[in-house]
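*Asks:* Give me a model of this one.
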Amino acid sequence: MADYTVALEQLRGAIETSEGTATTPTRILSTGPAGNIDASDIRKRETIEDRRAAGTRTSLRATYSGIESSMIRLSSIPVSYEETGWWLSLLAPSGGTAPTTTNDAYERTFTPVEGTATNTYGTGYFTANLQYSSLDFASTMVEKVPACAITSMTLNFDKRASGTDTGVTMDLELTQTQGTVTAGTAFDGSLSATTPTLVIGNQLTAYVDSAYGSIGSTSDDQIMSASFTLTNPLTWHDGMDGTNAHTSGHWAQQWTPTMSITRRFSDLTELNAYVAKTTRAVRLEALGDAIGTASDQTTFRLDFVGKPTDHRRTQVDGLYYAEIDLEAIYDATLTTSWSAYVFNTTDAAYTAT
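*Replies:* The predicted structure is shown next:
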């Protein structure tokens, strides 16, 4: 095929055991419909311009190649019970490397380190080696990008799902922290696509409590949608080493977890919490098919603890709703401000599947 169709695009990856490790992909990543991958900023170089002084119509004399950066953006990626943990493993979790066996199934809790700052790569995983191309374009070029870290993540939760919108989706921005992008003429390794089980919007249940110790106690069916966003800025050090590459990347700034909730304005509970700045412990949970024993179900769960920073009225289909913004606050019981949990039948560590 000579059309190089976007419909055949693929993103493959492997979680790196140390930053910048060149690793053969272990998984064909499920990215949803064609066009969800934006790879236009792979191998992006600054352009340095030599422009003439005034007095000439054409001012450009020459251009020079500046510092190179690479970024991959993914939008509306369907969240699945099996694969979402792979992405969460890139956010320095504890428990991201080995599953715990429970009733013939497997569970993982991803609790990012927030109590103490870290600027190094060690226990846990921070980066992925990604390879991108279209299947019919691979013989021309496969872009191989090591040391990709999540610098922005949004999880979208919406009961209303239809068409290619599954109701629970993820947006990601991955930035290369070090290393060199190479162009091959084939994907490394031999892989077959898996079929993850998607999390569907009408499987969602929302809970809101006033303290983490009671999180998951009080269901709230007035919530129709929510989004969780993590901004994780990367800081570059550009030392004079005679190259076009960043010298090193550092997590020198605090990350910012936030949540936005759209809730029917049926009572004053959340308005009062906004006025009083009461802590809100939010759990968003989806339960799928039965696995292991009959009492267990595939599970995806996000816990978030935050303070309300805004409460504004809006209208949806002629009904009054409130849009409520929350900013994360460190919780001593959770030892972080947010945590995610998956329960599924994927038994191998995420480094291998």
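*Asks:* could you point out which element follows the host helix or strand of Lys307?
*Replies:* Taking DSSP states H and E as the criterion, Lys307 maps to strand 297-316. Toward the C-terminal end, the helix or strand that comes next after strand 297-316 (DSSP H and E) is strand 319-328.
*Asks:* Okay, angle between that following strand and strand 297-316 too, please.
*Replies:* Taking axes from the mean of the first three to the mean of the last three C-alpha atoms, to 10 degrees, one finds strand 319-328 and strand 297-316 inclined to each other by 120 degrees.
*Asks:* Touching strand 319-328 from outside, list them.
*Replies:* 224, 256-265, 270-271, 274, 280, 282, 304-315, 337-338 (C-beta atoms under 8 Å, 6 or more residues apart in numbering). From N, CA and C alone the C-beta is placed, and that goes for glycine too.
*Asks:* ok so, going back, which strands and helices sit next to the strand holding Lys307?
*Replies:* strand 223-231, strand 256-264, helix 269-276, strand 280-290, strand 319-328, strand 338-344 (3 or more C-beta pairs under 8 Å, 6 or more residues apart in numbering; DSSP states H and E).
*Asks:* Listing request: residues of the stretch 51-200 of the chain with sub-threshold pLDDT.
*Replies:* For the stretch 51-200 of the chain, applying pLDDT under 70 flags the ranges 92-104, 113, 115-125.
*Asks:* 90 instead, please
*Replies:* Along the stretch 51-200 of the chain, segments meeting pLDDT under 90 span 51-61, 82-127, 147, 149, 177-180, 192-196.
*Asks:* Sketch out the helices for it, chain order is fine.
*Replies:* 84-88 (DSSP state H, counting those that start in this stretch).
*Asks:* ok, back up a step: spell out for me the PyMOL command that would select the buried members of the contacts of strand 319-328.
*Replies:* Restricted to buried positions by 16 or more other C-beta atoms under 10 Å, the PyMOL selection for those reads:
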select buried, resi 224+257+258+259+260+261+262+263+265+270+271+274+280+282+304+305+306+308+311+337+338
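*Asks:* on that earlier part again, with respect to burial, which of the helices and strands packed on strand 297-316 scores highest?
*Replies:* Highest mean neighbour count of the helices and strands packed on strand 297-316: strand 338-344, a mean of 24 (counted as mean count of other C-beta atoms under 10 Å).
*Asks:* Give me the contacts around that one.
*Replies:* By C-beta under 8 Å, 6+ apart, strand 338-344 touches 81-82, 84-85, 88, 102, 105-112, 197, 228, 230, 257, 291, 296-305, 328.
*Asks:* and the angle from that strand to strand 280-290?
*Replies:* Going by the same axes, to 10 degrees, strand 338-344 makes 10 degrees with strand 280-290.
*Asks:* How about the residue in this protein that sits furthest from its center?
*Replies:* Within the chain, the residue lying farthest from the chain centre (C-alpha atoms, centre = their mean) is Gly55, at 50.8 Å.
*Asks:* which residues does Ala128 bridge with?
*Replies:* For Ala128, the beta-bridge partners under DSSP bridges are Ile15, Cys148.
*Asks:* show me what contacts the residue farthest from the centre of the chain?
*Replies:* Per C-beta under 8 Å, 6+ apart, neighbours of Gly55: none.
*Asks:* Tell me the spacing between it and Arg61.
*Replies:* 13 Å (C-beta to C-beta, to the nearest Å).
*Asks:* picking that back up, can I get the helices and strands packed on strand 297-316 in JSON lines including mean pLDDT?
*Replies:* What follows is these, written out as JSON lines (pLDDT from 0 to 100):
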{"stretch": "strand 223-231", "mean pLDDT": "97"}
{"stretch": "strand 256-264", "mean pLDDT": "97"}
{"stretch": "helix 269-276", "mean pLDDT": "97"}
{"stretch": "strand 280-290", "mean pLDDT": "95"}
{"stretch": "strand 319-328", "mean pLDDT": "97"}
{"stretch": "strand 338-344", "mean pLDDT": "89"}
